[in-house]
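# Make a model of this:
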Amino acid sequence: MDAGSIARGVSIYAMPVLMAIILHEVAHGWVAEKFGDSTARRMGRITLNPISHIDPIGTVVLPLILIVMNSPFLFGWAKPVPVNFAALRNPKRDMVWVSLAGPGTNFTLALFSAILLRLVLVVEPSAWSFAQDTELAPAALREVGLGISFLVPIVLMLKASILINCVLMVLNLIPVPPLDGGRVAVGLLPPNAAYSYSRVEPFGIFIVMALIFFLPPTQYLFNGIIRLFVLLFYYIALY
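Prediction:
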């Protein structure tokens, strides 16, 4: 991939990646505050200021590597928002809602992106066809006028937003601690089972990496679920 393609990829994906990751974390802190834990507020983490959330590896390096590698999808993470589950009014129950806030935010962002994409295509339907050809679009846009030249990058960013938010939503709902889905499972299980399952957390990231990168059946499952959600939001945008 040449420097121009990398720069174009960064310009398309940077804003959707930042919004998806940062708002995911802010949602955790905001919902935790509503249920009694003000830790994130006191530490200045309920903010849209990217500097407060950026993790050098998960927010910058990994997405950039995936762009350079022309990966079919991007993902990453921000610095986790601190939540003191013991400070929640009902820790076991409220943990479920705090954990669901992140993936729920990604679902909402994907839906909002699909609705915006639909509105853009109502204004200029041909912007979609130009956006499909990532190689020829830059040259073609110089000849089709200012309107489409302005709208095609927006279409590309909205498509990227749908994909990124679907990936983050599905991956974070894997029911393995410390992912959000794992914390939901801990909150729903009976106390003894919840305690036993929560002890998986130190090894959770290795379990998730094995599921995603080394076991073809779960790879196909995750890719299929992500694709279904992407198609759902494309249907909202296009039909």
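# Return the helix or strand in this protein with minimum mean pLDDT.
Least confident helix or strand, the chain: helix 137-141 with a mean of 53, by mean pLDDT, DSSP states H and E.
# Buried ones in the very next helix or strand once past it, by neighbour count?
Sequence-wise, the next helix or strand downstream of helix 137-141 (DSSP states H and E) is helix 146-172. Using 16 or more other CB atoms under 10 Å as the test for burial, helix 146-172 gives 148-149, 151-153, 155-172. Every residue, glycine included, has its C-beta placed from N, CA and C.
# quick one: low-confidence parts of the protein?
1-5, 71-75, 133-147 (pLDDT under 70).
# All the helices of it, residue numbers only.
Remark: helices assigned in the chain by DSSP state H are 3-34, 39-42, 62-68, 91-123, 126-132, 137-141, 146-172, 180-188, 191-198, 201-209, 216-238.
# Report the distance from the second one to the chain centre.
Put plainly, it is helix 39-42. 23 Å (CA atoms, centre = their mean, to the nearest Å).
# Next, the buried residues of that helix.
Neighbour-count burial for helix 39-42 flags 39-40 (criterion: 16+ other CB under 10 Å).
# now swap in the last one and tell me
For helix 216-238, burial by neighbour count (16+ other CB under 10 Å) applies to 222, 226, 229-230, 233, 236-237.
# can you check the fifth one too?
By neighbour count with 16+ other CB under 10 Å, helix 126-132 contains the buried residues 127-128, 130-131.
# Of the residues you listed, just say which sits nearest to residue 27.
Closest to residue 27 out of the buried residues of helix 126-132 is residue 131 (28.9 Å), distances taken as CB to CB.
# Thought residue 155 was touching that closest one, still the case?
Yes - under the criterion of CB atoms under 8 Å, residue 131 is in contact with residue 155, at a separation of 4.2 Å.
# any shared contact partners between those two?
Between them, residue 131 and residue 155 share no contacting residue under CB atoms under 8 Å, 6 or more residues apart in numbering.
# coming back round to it: can you list the buried residues of helix 126-132 in TSV and add distance to residue 42?
Shown next, in TSV, are the buried residues of helix 126-132 (distance: CB to CB, whole Å):
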residue	distance to residue 42
127	45
128	46
130	48
131	43
